[in-house]
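# Model the structure of this input:
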Amino acid sequence: MRRNKRNIYFLLLSGFVLFNSACAQNPPFTGKAYVAEEKLVEQNTILLNNEKSLVPLQNLDGVKIASIHFSSANYTAFDSLLNKYTKVDAFNGNDYMGAKPLEMLTQDTKFYNTLIIQLTDAEVNNAQIIAFITNSQKMKNVIVSFIGNSTSLVKLNEITAPIVWTSRGTPVAAQFSAQAIFGGVAITQKLTKTYSPKYTANYGFLTAKTRLQYTVPEDAGINADNLNAIDNIAREAIASKATPGCVVLVAKDGKVIFNKAYGYHTYANTIPNRITDIFDVASMTKISATTMELMQLYDAGKLNLDSTIGTYMPIARNTNKKTLTVRELLEHQAGLIPDISTFESIKPADHSTDSSAAYPTKVNDGYYVRKNYFEDVMLPAMLRSAVKTRGQYVYSDVGLLFLQQIAETITSIPLNIYVQQKLYVPLGMQTAGFLPLYHIPADRIPPTEDDRKDRKTLIDGYVHDPTAALMGGVAGHAGLFASANDIAILYQMTLNRGTYGGVQFVKPETIDLWTSRQSAVSRRGLGFDRWDPIADRHYPSRLASDQAYGHTGFTGTCVWVDPKYNLVYVFLSNRVHPNVGNKLGSLNIRPRIQDAVYEAIQKGM
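Below is the predicted model:
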């Protein structure tokens, strides 16, 4: 019984289906056995026909991928891994081998510019399937994952598309091949003997690891049992009603070794949390959207840290904001107030229950704000607000609102569109973005507060922060929604010093500068929160190193990157449901889970 429980635990732990349904209750590879098999697969995997360097796939912007399988026993695990990197639609090729002709598969995949085709020995001997591949490779990108015998290689001479080949027919081999296609694992071997005039000894292409790998804790030198404390702390949070549920993700050495969901969307226990759920990350928006864009603008020479609000915003030149610098805003040292008043200042004429040309800005279902409300009311309130204690640390959402205005003035692109186009889509982040209900089903988004005072509704799929809500859901300080996997991708990029998937998104020296301590009066970097040198605060956790940077979110979220340990830690929850409370903070749930990760790492050293 203990063995079965442990196997099921690994299925949950890795966040993907490790094995096909026929053997899911008793998978052959877990823990060290998984790592051993993975090593054998690595030594047995060869990349052929990659003269054009298609593998690993790089910038994912505009790439639409179909995965086609025929007799592969492990296609579920293969496709699940592909979908960790970007959206991939699965097609069963057997559906086109009977009543439907195989030519219909070409028709049904015409809008896909990349085909990933899984082959076994059975398909290699099927002339129709080989013809489908050779025809397709003339029109679009094709990648073949071939798991089969070496004697079949001679039958693949007509294929010019890249072939990821291994003779090991295990589930681990399928997972490895899928990850190799995206650079989650490196291909390190070449052919050791000659199989045909085309596939000769020493032929093959080597690749580098460029994206996250999905594996078991033992692959990063951690005993999975030493991570059990995470379960206990998460269950304590739920039992104490600190949050209805949460999702925890840990990436060590570029490998996702823990990704698990706990609890439910609400205390009604009707919708279980899933690792693919999308959470309102609140103030994590500050670094995950606004700061990311500003770093790119800084790299492009379009943003000067010591230029002023007045430089970029003429409307501020006759106000007390004109000399405040970008650097001061990023460090929360501009002397700005924490926030402007929101729903308490709104007038009856400012909002309507129906959408119209006069009331176009949607706050929630049944709540629309009048046209130009931000420009007429909120921006003037920002410009009129007091400037106090300039040079001292005062955490301010207003500063990030000004930074949003600066970024949008420089680019002429709204914040939400910029980060989607320049960061999230090319990184392969499938769920991250503002205004999630436009592209994500509501049942994948845990609700936040049941707001009986202002919005008079349960906030579900709309931003919790009131200022961001009145701005229509897009703000420099709040409004971003994302899954744990997407957050991990974004911050693996920063841990890689700006590179992910073979693409440089931010210069290494910019990452180093902005994530390091910049202030003489606080722990802050530029935009980023950091490790606190005041020891008894234990922030962000007791065992975090002095290199740690990240941010928390009011809704009960956090992300912390620790370069010393090559670590990304993500915690997502909706602790403000149904009402705002502080048990998640008073019980130290987030830092205790983070410390449990450090303790597991240290036990493995």
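# can you give me the helices in the stretch 351-500 of the chain?
In the stretch 351-500 of the chain, the helices defined using DSSP state H, counting those that start in this stretch lie at 373, 379-384, 397-411, 415-419, 425-427, 466-470, 484-495.
# With mean neighbour count as added columns, please give these in CSV.
Backbone N, C-alpha and C define where each C-beta goes, glycine included. What follows is these, written out as CSV (neighbours: other C-beta atoms under 10 Å):
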stretch, mean neighbour count
helix 373, 21
helix 379-384, 16
helix 397-411, 22
helix 415-419, 21
helix 425-427, 21
helix 466-470, 24
helix 484-495, 26
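# The ones you listed: which one's closest to residue 233?
Closest approach to residue 233 among those (C-beta to C-beta): helix 484-495, 16.2 Å.
# which other helices and strands contact that closest one?
strand 245-252, strand 255-263, helix 425-427, strand 499-500, strand 557-562, strand 567-573 (3 or more C-beta pairs under 8 Å, 6 or more residues apart in numbering; DSSP states H and E).
# Report the angle between the second one and strand 567-573.
Put simply, strand 255-263 runs at 20 degrees to strand 567-573, going by axes from the mean of the first three to the mean of the last three C-alpha atoms, to 10 degrees.
# Distance from the chain centre to the very next helix or strand once past strand 255-263, please.
Sequence order places strand 279-280 as the next helix or strand after strand 255-263, per DSSP states H and E. Taking C-alpha atoms, centre = their mean, to the nearest Å, one finds strand 279-280 lying 12 Å from the centre of the chain it belongs to.
# List the buried residues in stretch 102-112.
102, 105, 106, 109, 112 (16 or more other C-beta atoms under 10 Å).
# Mind putting the residues you listed into a markdown table with distance to residue 247 and pLDDT?
Shown next, in a markdown table, are the buried residues of stretch 102-112 (distance: C-beta to C-beta, whole Å; pLDDT from 0 to 100):
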| residue | distance to residue 247 | pLDDT |
| --- | --- | --- |
| 102 | 41 | 90 |
| 105 | 37 | 96 |
| 106 | 39 | 95 |
| 109 | 33 | 97 |
| 112 | 30 | 98 |
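# So which of the residues you listed are in helices?
105, 106 (DSSP state H).
# From the buried residues of stretch 102-112, pick the one nearest residue 237.
Checking those against residue 237 with C-beta to C-beta, the nearest one is residue 112 at 42.2 Å.
# Kindly provide the distance from that closest one to residue 503.
With distances taken as C-beta to C-beta, to the nearest Å, residue 112 is found 22 Å from residue 503.
# Please name whichever of the helices and strands packed on helix 484-495 is nearest to residue 476.
Closest approach to residue 476 among the helices and strands packed on helix 484-495 (C-beta to C-beta): strand 557-562, 17.1 Å.
# Now do that closest one against helix 484-495, angle only.
30 degrees.
# Can you give the contact residues for strand 557-562?
For strand 557-562, contacts defined as C-beta atoms under 8 Å, 6 or more residues apart in numbering pick out 279-282, 284, 287-288, 487, 491, 494-495, 515, 540-541, 544-545, 547-552, 567-573, 590, 594.
# what's the nearest residue to residue 42 if we skip its chain neighbours?
Nearest non-adjacent residue to residue 42, counting by C-beta to C-beta, 6 or more residues apart in numbering: residue 188, 6.3 Å away.
# which regions of the chain sit below the pLDDT cut-off?
1-28 (pLDDT under 70).
# Three-state assignment for the residue of it most remote from its centre, please.
Centroid-distance maximum for the chain: residue 197 at 43.8 Å, with C-alpha atoms, centre = their mean. At residue 197 the chain is in coil, as set by DSSP: H, G, I helix; E, B strand; the rest coil.
# for it, what are its contacts?
residue 157.
# measure it to residue 158 for me?
Distance of residue 197 to residue 158, given as C-beta to C-beta: 13 Å.
# I figured residue 108 was touching residue 93, is that so?
No - applying C-beta atoms under 8 Å as the test, residue 108 and residue 93 come out as separate, 10.7 Å apart.
# what about the residue nearest to residue 40 when sequence neighbours are not counted, neighbour count?
Closest residue in space to residue 40, ignoring its immediate chain neighbours: residue 168 at 6.4 Å, by C-beta to C-beta, 6+ apart. Using other C-beta atoms under 10 Å, residue 168 is surrounded by 17 other residues.
# Next, residue 168: phi, psi?
The phi/psi pair for residue 168 (degrees, to the nearest 10) reads phi -90, psi 110.
# Which residues are in contact with it?
Counting by C-beta under 8 Å, 6+ apart, residue 168 has contacts 37, 40, 41, 44, 147.
# from the residues you listed, which single one is nearest residue 377?
Proximity of these to residue 377 (C-beta to C-beta) peaks at residue 41, which lies at 60.4 Å.
# Pick out the residue closest to the middle of the chain.
Centre-most residue of the chain, counting by C-alpha atoms, centre = their mean: residue 486, 0.9 Å.
# Pretty sure it sits against residue 429.
Yes - between residue 486 and residue 429 there is a contact under C-beta under 8 Å: 4.1 Å.
# List buried residues within the contacts of strand 557-562.
279-282, 284, 287-288, 487, 491, 494-495, 515, 540-541, 544, 548-552, 567-573, 590, 594.
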